[in-house]
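Peer 1: here's a sequence, model it:
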Amino acid sequence: GTRAPAEGSGASGSGAIRHGVMLQLNEQLVLDYVHEHGTTTRPEIAASLGLSAATVSRVIRRLVGRDLVQETPGASTGGRPRTTISFNALSGCVIGIDLGGTKCHAMLADLSGELLVEEVRPSDADGSPFETLVESIEHLVRRKERAGAPLAAVAVGVPAIVDPETGVAVGGPNVHWHGFPLVPMLRDRLDVPFVVDNDVNLAALGHAWKGDARGFSDFVVLSIGTGIGAAVVVDGRLLKGRNSGAGEVGYMVLDRELLRAERPDELGSFETLAAGVGVAALAERALVTDAGASSLHGLGRPPDSRDVFEAAHAGDQLAAEIVAGVVDHVAMAVIGMGSVVDSDVIVLDGSVGLALGQWAPEIKALAADHLPAPPNVVISSLAGEATAIGAVAAALDLSRTRRGTRTSGSIGSPLSRLAGSVAVLAGFGG
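Peer 2: Numbers count the residues shown, from 1 in each chain. Just a heads-up that it's a prediction; the model follows:
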């Protein structure tokens, strides 16, 4: 386990400064240890962290005074009962939010990560995605399930690249945020530490914590929904790239005929072939030349991607042909990513990714035909909640590394190196 630096003492001014820093470090080490182990004792803490009994007792008194840990007298076995130390999960709470193109999914959790309450509302429910985001936070804070626990941190996932220097959103067509000063605006509205990152990056954190990438240090989350994006994790670290744009695989060109073709609505080439809007457009064009046999004709409106997959599942020939094209292009994307990064698993997420369930074995088989060491290809088990869960993980990390401070900068990691490399935009409101 982690051991504290050797203790020392001194009477000079610089020694006093070192003592204060050392005390703060020891508090963080002890708190992290208690959090990780759930219930422990003073001797166990001292032995594991290399601290003296006096230091541990002093730190525990301070943590109890701040309501961060709890002391419980142990049962007597004939001698002096040994007091147990436990983490007080309700000493604070965090909020994680997935702000997508159509809905805002917000979760309130205690400091152990236990979900207290969640809410889903349309992204434009309060006039704009940004106002919906702020109102979601304020509404969760007012919920009785918070039980008076102070809000410790907030994390937000957005379908955009956010410039790490300026906090301005780049891209984000689904929420019309190109050029929107998201982080500066949030800083004006929040008075707690917060982080903002790309939604798929946070989905990777969610899968590493509670999803299909647990135990893996090399994996990819390929989110195929309204748009397409990927989070690539190598050796436990998220690949970010020069402009934080690594993983924008929606722009991959998988067909030579599309290399010089115009792209509607700024969609990436891959998105025109497999994203939700692309599948809907393919179906609408196919219906123009269809003789009328497809069940998609009877909808009374243009079909969306869900209609296409449901019809294909029911045996509709036209829909099956469209889905076959999606399967082939997703398989080509998996092969392309698999040839560049040697991943253990590629998780298909997003509305279209989740709809590919019955075709996942075919995608996996196609990849195996072309790669010497193909990754496992699985459908997300988090059912569209990966980004919100990852946001909770990032907020928990921020609450631990910022406890007692009011500064901005990079954050640490609850899931080894991954969380620290995911949530890169940390700040303090107010």
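Peer 1: so how many other residues sit close to R189?
Peer 2: For R189, the neighbour count with other CB atoms under 10 Å is 15. For glycine as for every other residue, the C-beta is placed from the backbone atoms N, C-alpha and C.
Peer 1: pretty sure it sits against E135.
Peer 2: No - R189 sits out of contact with E135 when judged by CB atoms under 8 Å, with a separation of 10.3 Å.
Peer 1: make sure R187 is indeed in a helix.
Peer 2: Yes - under DSSP: H, G, I helix; E, B strand; the rest coil, R187 falls within a helix.
Peer 1: for the host helix or strand of L366, give me every contacting residue.
Peer 2: Using DSSP states H and E, the element containing L366 is helix 360-370. Contacts with helix 360-370, where a contact means CB atoms under 8 Å, 6 or more residues apart in numbering, come from 327-328, 330-331, 334-335, 338-339, 348, 356, 374-379.
Peer 1: quick one: the helices in the protein?
Peer 2: 13-37, 42-49, 53-65, 129-142, 182-189, 199-210, 269-274, 276-289, 305-313, 317-340, 350-355, 360-370, 386-401, 417-422 (DSSP state H).
Peer 1: would you mind giving those as a markdown table with distance to A261 and mean pLDDT added?
Peer 2: Shown next, in a markdown table, are the helices of the chain (distance: least, CB to CB, whole Å; pLDDT from 0 to 100):
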| stretch | distance to A261 | mean pLDDT |
| --- | --- | --- |
| helix 13-37 | 53 | 70 |
| helix 42-49 | 61 | 92 |
| helix 53-65 | 61 | 91 |
| helix 129-142 | 30 | 93 |
| helix 182-189 | 32 | 92 |
| helix 199-210 | 25 | 92 |
| helix 269-274 | 8 | 94 |
| helix 276-289 | 13 | 94 |
| helix 305-313 | 21 | 97 |
| helix 317-340 | 15 | 97 |
| helix 350-355 | 21 | 96 |
| helix 360-370 | 24 | 97 |
| helix 386-401 | 31 | 90 |
| helix 417-422 | 34 | 55 |
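Peer 1: which of the ones you listed sits closest to A169?
Peer 2: When these are compared by CB to CB, helix 182-189 sits nearest A169, at 4.9 Å.
Peer 1: what residues of that closest one count as buried?
Peer 2: Under the neighbour-count criterion of 16 or more other CB atoms under 10 Å, helix 182-189 has L182, V183, L186, R187 buried.
Peer 1: check whether V34 really touches V69, as I assumed.
Peer 2: Yes - assessed by CB under 8 Å, V34 is found in contact with V69 at 5.4 Å.
Peer 1: and for the two, which residues touch both?
Peer 2: With CB under 8 Å, 6+ apart, V34 and V69 have common neighbours L63, I85, S86, F87.
Peer 1: any idea what the residue nearest to the first one when sequence neighbours are not counted is bridged to?
Peer 2: Put plainly, it is L63. Distances taken as CB to CB, 6 or more residues apart in numbering put V69 closest to L63, at 4.5 Å, once the chain neighbours are dropped. For V69, the beta-bridge partners are F87 (DSSP bridges).
Peer 1: gap between A152 and S399?
Peer 2: From A152 across to S399, the span is 4 Å (CB to CB, to the nearest Å).
Peer 1: over to G292?
Peer 2: To S399, G292 is 58 Å away according to CB to CB.
Peer 1: neighbour count: those two, which is higher?
Peer 2: Neighbours were counted for G292 and for S399 using other CB under 10 Å; S399 has more, 23 against 7.
Peer 1: you'd agree the more buried one is up against F194?
Peer 2: No - if you go by CB under 8 Å, S399 and F194 don't touch, sitting 10.6 Å apart.
Peer 1: common neighbours of these two, please.
Peer 2: Joint contacts of S399 and F194 (CB under 8 Å, 6+ apart) are A153.
Peer 1: just the C-alpha atoms of stretch 383-400, please, in PDB.
Peer 2: Provided in PDB are the C-alpha atoms of stretch 383-400 (Å, rounded to 0.1, in the frame of the first residue of the first chain):
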ATOM      1  CA  ALA A 383     -27.600   0.500 -21.000                       C
ATOM      2  CA  GLY A 384     -26.900   4.100 -21.900                       C
ATOM      3  CA  GLU A 385     -25.800   5.100 -18.400                       C
ATOM      4  CA  ALA A 386     -22.000   4.800 -18.900                       C
ATOM      5  CA  THR A 387     -21.400   8.600 -19.300                       C
ATOM      6  CA  ALA A 388     -23.400   9.500 -16.200                       C
ATOM      7  CA  ILE A 389     -21.700   6.800 -14.200                       C
ATOM      8  CA  GLY A 390     -18.300   7.900 -15.400                       C
ATOM      9  CA  ALA A 391     -19.200  11.500 -14.500                       C
ATOM     10  CA  VAL A 392     -20.000  10.300 -10.900                       C
ATOM     11  CA  ALA A 393     -16.500   8.600 -10.800                       C
ATOM     12  CA  ALA A 394     -14.800  11.800 -12.000                       C
ATOM     13  CA  ALA A 395     -16.700  13.900  -9.400                       C
ATOM     14  CA  LEU A 396     -15.700  11.500  -6.700                       C
ATOM     15  CA  ASP A 397     -12.100  11.800  -7.700                       C
ATOM     16  CA  LEU A 398     -12.400  15.600  -7.700                       C
ATOM     17  CA  SER A 399     -14.000  15.600  -4.300                       C
ATOM     18  CA  ARG A 400     -11.100  13.600  -2.800                       C
END
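Peer 1: chain center to that stretch, what's the gap?
Peer 2: Chain-centre distance of stretch 383-400: 5 Å, with CA atoms, centre = their mean, to the nearest Å.
Peer 1: state the distance from G74 to R82.
Peer 2: From G74 across to R82, the span is 4 Å (CB to CB).
Peer 1: which residues are in contact with both of the two?
Peer 2: Common contacts of G74 and R82 (CB under 8 Å, 6+ apart): T41.
Peer 1: now do the shared contacts for A152 and S399.
Peer 2: Common neighbours of A152 and S399 (CB under 8 Å, 6+ apart) are G92, V94, L111, P193.
Peer 1: can you give me the buried ones in stretch 291-308?
Peer 2: By neighbour count on 16+ other CB under 10 Å, the buried set for stretch 291-308 is S294, S295, L296, P303, D304, S305, D307, V308.
Peer 1: my bad, should have said stretch 242-255
Peer 2: Residues S244, A246, G247, E248, V249, G250, M252, L254 are the ones in stretch 242-255 that count as buried (16+ other CB under 10 Å).
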